[in-house]
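Colleague: Take a look and give me a structure for this.
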Amino acid sequence: MLFKMKRCVLFAEFTFLLDWWSNRFQDLPTRYSAVLSLKAFVYGLTMLNEPPCVDEMFLDVYLLLYDMLNDDEEELRDVAAVTASLLLSDPGSRRTQSLALHPMAAGFRMAEFLVENYASSSRILRETIRRLLGHPSGESNLVGVDMFISVSTLLFGHRKGSSVLFAEEKQNLFIDDVREARIWAEVLSQLVVADADIYLIQKVYSWTLDGLSSLTQMMQMEGTDGIFGRISHSEVFTIGIRVIQATSVLIHRDGFGGQFFDRDAARKGLEDMSEAGVNARIHECWLLLLESSGNR
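Modeller: Presented below is the predicted three-dimensional model:
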């Protein structure tokens, strides 16, 4: 028992260092060392030609590998893709390395791998919600840090030109936030939510309802979305995608404690936003997603 505890502590320290090197440093050599270390670790896990280890403590490593597949350096993404291909290969074909995934394809496969092996994990539920909502990495598990920053607050920051909410330059300019929102909404729709975690779904519901209301009011007040309109701003566009995707999951996914929130209210909010969007002639991508989300 003591040995197992020490192993878990050492593994957590290893994971923390990898995350620190890959996400907190912008110089290429440090981040490249991190991805090579992860590759060596995964290679060690797969040497016995057995299925991947899916203990809870390995989850952070797999999430980190997913993030490395979205690095803005092509060289790092390629190494991460080789690593993911090794992890996801059938045990009997690893020596021949017959599976060679492109980084983007590897990212989709890693998301599927997480659902297949960690669907009942409270940790993956919280991490999925964080990623869907776009909350910064590394903060959602800290005491007193709320990852459910309301959409009305985010939009107010754009309206006032806040230097607080959006002043920090993104380190990773490669990652597609819209694609990520869609991936993690799909992951969320397949997770099994324990009774103890229903409160998180309720928080997603409250966040989503505020988002629908805030975006609808913005469209009604500001009318046509001009080239300098806030809906043309990439962050505002992404916020809208996150809200629509989250609403779609809540409306159509059974087993999310629907008795604890009002699906009809979410559906009505989606319809109101769609109507306001048509009148305001907003971005057609929003309109198409609103239509498909309501008709699924």
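Colleague: how much space between the nearest residue to residue 286 once chain neighbours are set aside and residue 281?
Modeller: Nearest residue to residue 286, sequence neighbours excluded (Cβ to Cβ, 6 or more residues apart in numbering): residue 240, at 5.4 Å. Just so you know, the C-beta spots here come from the backbone N, C-alpha and C atoms, and that holds for glycine as well. For residue 240, the distance to residue 281 equals 14 Å [Cβ to Cβ, to the nearest Å].
Colleague: coming back round to it: any idea how far the residue nearest to residue 286 lies from residue 293?
Modeller: As judged by Cβ to Cβ, residue 240 and residue 293 stand 12 Å apart.
Colleague: So between the two, which is more surrounded?
Modeller: Neighbour count, other Cβ atoms under 10 Å: between residue 240 and residue 293, residue 240 has more, with 28 against 21.
Colleague: What's the per-residue pLDDT of that one here?
Modeller: Looking at residue 240, its pLDDT reads 91.
Colleague: in what helix or strand does it lie?
Modeller: Using DSSP states H and E, residue 240 sits within helix 234-252.
Colleague: who does that helix touch, helix- and strand-wise?
Modeller: Packed against helix 234-252 by the contact rule (3 or more Cβ pairs under 8 Å, 6 or more residues apart in numbering; DSSP states H and E) you find helix 122-133, helix 151-159, helix 177-188, helix 198-222, helix 263-280, helix 284-295.
Colleague: relative to helix 122-133, how tilted is the longest one?
Modeller: Relative orientation of helix 198-222 versus helix 122-133 (axes from the mean of the first three to the mean of the last three Cα atoms, to 10 degrees): 0 degrees.
Colleague: go on, the fifth one?
Modeller: Here helix 263-280 points in a direction 20 degrees away from that of helix 122-133 (the same axes, to 10 degrees).
Colleague: where along the stretch 51-200 of the chain do the strands fall?
Modeller: Using DSSP state E, counting those that start in this stretch, the strands of the stretch 51-200 of the chain do not appear at all; there are none.
Colleague: I'd say the residue nearest to residue 286 and residue 215 touch.
Modeller: Yes. Counting by Cβ atoms under 8 Å, residue 215 is a contact partner of residue 240 at 5.8 Å.
Colleague: quick one on the thing from earlier: just give me how far the helix holding residue 240 sits from the chain centre.
Modeller: 12 Å (Cα atoms, centre = their mean, to the nearest Å).
Colleague: Return the alpha-carbon coordinates of that helix using CSV.
Modeller: Coordinates of each C-alpha in helix 234-252 appear next as CSV, following Å, rounded to 0.1, in the frame of the first residue of the first chain:
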residue,chain,number,x,y,z
SER,A,234,-12.9,35.9,-32.8
GLU,A,235,-13.4,35.5,-29.0
VAL,A,236,-17.0,36.5,-29.1
PHE,A,237,-17.6,34.2,-32.0
THR,A,238,-16.0,31.3,-30.1
ILE,A,239,-18.1,32.2,-27.0
GLY,A,240,-21.3,31.8,-29.1
ILE,A,241,-20.1,28.4,-30.4
ARG,A,242,-19.4,27.2,-26.8
VAL,A,243,-22.9,28.3,-25.7
ILE,A,244,-24.6,26.6,-28.6
GLN,A,245,-22.7,23.4,-28.3
ALA,A,246,-23.3,23.2,-24.5
THR,A,247,-27.0,23.9,-25.0
SER,A,248,-27.2,21.1,-27.6
VAL,A,249,-25.7,18.6,-25.2
LEU,A,250,-28.1,19.6,-22.4
ILE,A,251,-31.2,19.4,-24.7
HIS,A,252,-30.4,16.1,-26.4
